[in-house]
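Enquirer: got a structure for you, letters missing:
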């Protein structure tokens, strides 16, 4: 990493800029950083402030907007958790790589010490349009695996991060999560709330609670990432010498089979055991299962005085279908960060249980 002789004096306090602060990972990061006493700047499309948090509104796709919004800001740490899905991978690369580049360029004046970037297992599986379609490394996935010979916006984001680090003199970390579950509303990739909404529709309409995915996912081993564990790893990497200039996988630390997990989630969501249906011969995607039942949600929301009547802000059928429809086992190795000193663990069933309780407390499900 190149040094920056013209960098400003490093301040004694730590100021975190969380990019994508309203999302699943960003929300968890904000909560953790505030609890630890950081000064927190929360950047999103609509500025939202809270105790200990100052909101900043900016358009990540507009360099002028970023430059204006961040001109007076001097964060020491950046946590980049945002992305925007496009129609093709070429567009994903242009847009998402550009957002990292332009955000860091807008902070050229800031005393940056570390920038942490969230990506995911598509680093090993390939992009949406070629998802698990080509030659991939064997499971469990390890950080040392070479990149796939396929265009991938995660690679573009990494390259922009590396280039800015070399120019601006900060350390970096990359965090490759599996499916992230956590609290957020309006997120495009939210398996936790998607399953909770599916169960609510099943309970209210007398439907079966049907596992939507593949036989490989039903019977094979898998793992997941709790947003709180991901946030912990990002803060650890950004403040520990062992986390500097490294890429880390991040999952909860346990493995499970969906044939074991599905009935347990059903029980926690109040589904009649007689209506719990596993894999039976073929995948049954939620986009197909739920299409004709979505219109019932506003009445359910009114019946239970729920806080969100727009089902599209709670359920992302397509993303859960993509995760659970993979025709291969997906297991992630955590050895690298364990050796480096990151030891946090959370049992995935407990992560789901706590999430469902929070949804109930926030009146998102009955």
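Expert: In hand now; what should we look at? What you see is a predicted model, and the numbers here were worked out from it, not measured in a lab.
Enquirer: All the strands of the stretch 251-366 of the chain, residue numbers only.
Expert: Assigned by DSSP state E, counting those that start in this stretch, the stretch 251-366 of the chain shows strands spanning 256-257, 276-277.
Enquirer: From the rest of the structure, what touches the first one?
Expert: The one in question is strand 256-257. Strand 256-257 has contacts (Cβ atoms under 8 Å, 6 or more residues apart in numbering) with 218, 219, 220, 221, 222, 223, 348, 349. The way it works is simple: take the backbone N, C-alpha and C, and place the C-beta from them, glycine included.
Enquirer: hang on, the earlier thing: quick one: which of the strands of the stretch 251-366 of the chain is nearest residue 107?
Expert: Closest to residue 107 of the strands of the stretch 251-366 of the chain, according to Cβ to Cβ: strand 256-257, at 40.0 Å.
Enquirer: so what strands line up beside the closest one?
Expert: Partners of strand 256-257 in the sheet, by DSSP bridges, are strand 221-222 (antiparallel).
Enquirer: Next secondary structure element downstream of the partner strand?
Expert: Heading C-terminal from strand 221-222, the first helix or strand you meet, by DSSP states H and E, is strand 225-226.
Enquirer: Run through who's touching that next one.
Expert: Contacting residues not belonging to strand 225-226 are listed as 177, 178, 179, 180, 181, 182, 250, 251, 252, 346, 348, 351 [Cβ under 8 Å, 6+ apart].
Enquirer: tell me the pLDDT at the fourth one?
Expert: Per-residue pLDDT puts residue 180 at 94.
Enquirer: how about it, what does it touch?
Expert: Applying Cβ under 8 Å, 6+ apart, the residues near residue 180 are 24, 25, 120, 189, 224, 225, 226, 227, 230.
Enquirer: Pairing partners for it in the sheet, please.
Expert: Applying DSSP bridges, one finds that residue 180 bridges with residue 225.
Enquirer: now it: how far from residue 229?
Expert: 9 Å (Cβ to Cβ, to the nearest Å).
Enquirer: Residue 256 - how many residues pack around it?
Expert: Look at residue 256: counted by other Cβ atoms under 10 Å, it has 16 neighbours.
Enquirer: Neighbour count for the contacts of strand 256-257 - can I get that in CSV?
Expert: Formatted as CSV, these follow (neighbours: other Cβ atoms under 10 Å):
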residue, neighbour count
218, 20
219, 13
220, 19
221, 14
222, 25
223, 21
348, 23
349, 16
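Enquirer: Cool, thanks, talk later.
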